[in-house]
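*Asks:* got a structure for you, letters missing:
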Ligand code: GTP
Ligand code: MG
């Protein structure tokens, strides 16, 4: 679609003055308006939340008419047809892809949580390489945007994975856009500006490794919980919107905390409470099991409980020989 077709002036209710203010705040196109949150529109153009929500809704309706988004009420057959727009990015492991119903799904947020060393960052690195492959080879034919909050991104590891998979490492590195986010405010601002970077770099995968660590280190004590959850909710909401509006796959990682009052089973629970629990489309629990890694799909509305075994090798996330 042409850039002019996406200009904010196309949207009912966006007057010239408001358009300038939106553009200056980084909301440059209909896509970004459709992915915005009402509160930030109020901040930029004034007025009330209802008015802002109406603008966002108009932007979404416009994209629906252009065939880029689903409308508010649609027939089930339309949903089935649009489901065909969804693509899958391989994680590098056939077993893990199978667990995910085909791989990392576009228009969805996939969360990996587990203890340190369980393989979360390795999956992120591998997916950043895999997403560049054409669709017939398990990729999404686009770049990756890698947002790192923990400083664990490794360029050498990307090169190693690319080489082990027979890919040109220089080419692969050129298609991973990296950003180190230092605090919650910075992370929020970075995610807010993602639309532009997705379009400029033809990105099909967004990684946030990890989504929670900055929140945990900045919001300490029970009295800050409400504010923390509200900010986390806003961030997750936007990641969902971006996934949907731009048809990209979003991968987030999360830590675990042990719940002391568990008598049976595994005491580890994902952090982030209900906000994260309800905002990831798919949640996958990772566990180390000897040399292998165990992945379990939890809380999925679409998948029965299932498990997969994979391993971390020079090619990144991959399969043990026996399951290949
Ligand atoms: P935290 O971020 O600490 O919570 O852990 P994580 O879940 O992100 O762990 P990560 O993905 O970093 O996995 C670390 C594990 O991956 C290590 O214990 C190694 O087993 C494996 N690993 C890391 N780097 C390499 C590598 O270069 N080659 C191989 N073969 N394995 C690696
Ligand atoms: Mg990690």
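*Replies:* Structure received. What you see is a predicted model, and the numbers here were worked out from it, not measured in a lab. Ligands and ions are numbered 1, 2, ... in the order given.

*Asks:* dihedrals phi and psi, the residue at minimal distance from the centre of the chain?
*Replies:* Centrality entry for the chain: nearest residue to the mean C-alpha point is residue 250, 2.0 Å, by Cα atoms, centre = their mean. Residue 250 adopts backbone torsions of phi -120, psi 130, taken as degrees, to the nearest 10.

*Asks:* and it, what does it touch?
*Replies:* Residues counted as contacts of residue 250 (Cβ atoms under 8 Å, 6 or more residues apart in numbering) are 108-110, 205-206, 208, 239-240, 242-243. Heads up, the C-betas are built off the backbone N, CA and C, glycines and all.

*Asks:* okay, and the beta partners of it?
*Replies:* Beta-bridge partners recorded for residue 250 (DSSP bridges): residue 206.

*Asks:* quick one: it and ligand 1, what's the gap?
*Replies:* Plainly put, residue 250 is 17 Å away from ligand 1 if you go by Cβ to the nearest ligand atom, to the nearest Å.

*Asks:* would you turn the contacts of residue 250 into a markdown table with neighbour count and secondary structure?
*Replies:* Shown next, in a markdown table, are these (neighbours: other Cβ atoms under 10 Å; DSSP: H, G, I helix; E, B strand; the rest coil):
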| residue | neighbour count | secondary structure |
| --- | --- | --- |
| 108 | 21 | strand |
| 109 | 25 | strand |
| 110 | 23 | strand |
| 205 | 27 | strand |
| 206 | 25 | strand |
| 208 | 28 | strand |
| 239 | 23 | helix |
| 240 | 18 | helix |
| 242 | 26 | helix |
| 243 | 21 | helix |
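
*Asks:* pick out the most distant pair among those.
*Replies:* Pairwise distances across the contacts of residue 250 (Cβ to Cβ) peak at 15.1 Å, for the pair 205 and 240.

*Asks:* my guess is residue 318 contacts residue 311. True?
*Replies:* Yes - Residue 318 is within contact range of residue 311, at 5.9 Å (criterion: Cβ atoms under 8 Å).

*Asks:* now for the two: what residues contact both?
*Replies:* Common neighbours of residue 318 and residue 311, using Cβ under 8 Å, 6+ apart, are residue 93.

*Asks:* surely residue 170 is within a helix?
*Replies:* Yes - under DSSP: H, G, I helix; E, B strand; the rest coil, residue 170 falls within a helix.

*Asks:* please renumber the chain so that the first residue is 794 from this point on.
*Replies:* Sure, I'll start counting at 794 from here, so that last one is residue 963.

*Asks:* who touches it in this structure?
*Replies:* Not one residue lies near residue 963 by Cβ under 8 Å, 6+ apart.
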